[in-house]
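Participant: Take a look and give me a structure for this.
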Amino acid sequence: MDLTLHIDDHWDSPYAFSNFVALREKGLPFEIKEISLPKKEHHAADYRAHSLTGRIPLLRHGDFWLSESAAINEYIAETFPHPKFPRIYPEDLKERARARQLMDWVRSDLMPIRNERSTATLFHGQKFEPLSPAAQDAAAGLMRVAESVISDGRATLFANWCIADADFSLMLNRLLNAGYQAPAKIARYVEANWKRPSVREWVDHKRKEYVPY
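Facilitator: This is a model prediction of the structure:
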């Protein structure tokens, strides 16, 4: 299949995390190539030539290169479709649209949470300060949405796991990992997703010392 996923060498990008989990859940063999953001290796001319946007993650499939995590997940889903490979998006079109909505939202909004509870606090144990008023408001909004889409007694957004569960649980865990008190069903949802083997492989990866960038 000749797949290579280019990720940050800190292993803390939530976007690379999403693609890594998607590839694992599809059962696809792939290689990892680490790119140093502190050294600005993603600014190198050859990297930019392949990625177009000069960002991480970047997927190479044979002679085809693709960046932007949402596009990569869509490409993985459509290039290696069900039933030969497991689904990573819901079969139902409305549920699939809802999954994409949530994934787009956690990528484009909630900036105060992303700034004050970066994934360095989640994967590298970096220190953090109490949430600012803006981050508290964002957290309340995130919890309101989570209350709406997470059903009691279920560890997935829909009947079956999908890649939106990985993205959404990571966003929620930025808060819970730092001691935020969430409703019990949300805490159970995050805990269940954080135990998933594809997620654990990323979380448990032995990381190098964190260098701010």
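Participant: Please name the residues that touch the residue of the chain most remote from its centre.
Facilitator: Using Cα atoms, centre = their mean, the residue of the chain lying farthest from its centre is residue 45. It sits 26.6 Å away. Residues near residue 45 by Cβ atoms under 8 Å, 6 or more residues apart in numbering: none. Quick note: C-beta positions are derived from backbone N, CA and C, even for glycine.
Participant: Please enumerate the strands of the chain.
Facilitator: 3-8, 31-35, 58-61, 64-67 (DSSP state E).
Participant: Out of these, which is closest to residue 111?
Facilitator: strand 3-8 (19.4 Å; Cβ to Cβ).
Participant: residues of that closest one that come out buried?
Facilitator: Neighbour counts over strand 3-8 (16 or more other Cβ atoms under 10 Å) mark 3, 5-8 as buried.
Participant: Report the angle between that strand and strand 31-35.
Facilitator: Interaxial angle, strand 3-8 versus strand 31-35 (axes from the mean of the first three to the mean of the last three Cα atoms, to 10 degrees): 30 degrees.
Participant: Show me where the chain has its helices.
Facilitator: Remark: helices assigned in the chain by DSSP state H are 14-26, 45-51, 69-79, 93-108, 111-116, 119-123, 133-149, 163-176, 184-194, 197-203.
Participant: residue contacts, residue 105?
Facilitator: residue 145.
Participant: so residue 59 touches residue 20, yeah?
Facilitator: No. Residue 59 is not in contact with residue 20 according to Cβ atoms under 8 Å; the separation is 10.5 Å.
Participant: Can you pull the residues that touch both of those two?
Facilitator: With Cβ under 8 Å, 6+ apart, residue 59 and residue 20 have common neighbours residue 5.
Participant: my guess is residue 203 contacts residue 193, does it?
Facilitator: No. Using Cβ under 8 Å, residue 203 is not in contact with residue 193, being 10.7 Å away.
Participant: Those two: which is more packed in?
Facilitator: Neighbours were counted for residue 203 and for residue 193 using other Cβ atoms under 10 Å; residue 193 has more, 23 against 16.
Participant: Count residues in the vicinity of the residue lying closest to the more buried one once chain neighbours are set aside, would you?
Facilitator: Closest residue to residue 193 apart from its sequence neighbours, by Cβ to Cβ, 6 or more residues apart in numbering: residue 169 at 3.7 Å. Residues lying near residue 169 (other Cβ under 10 Å) number 24.
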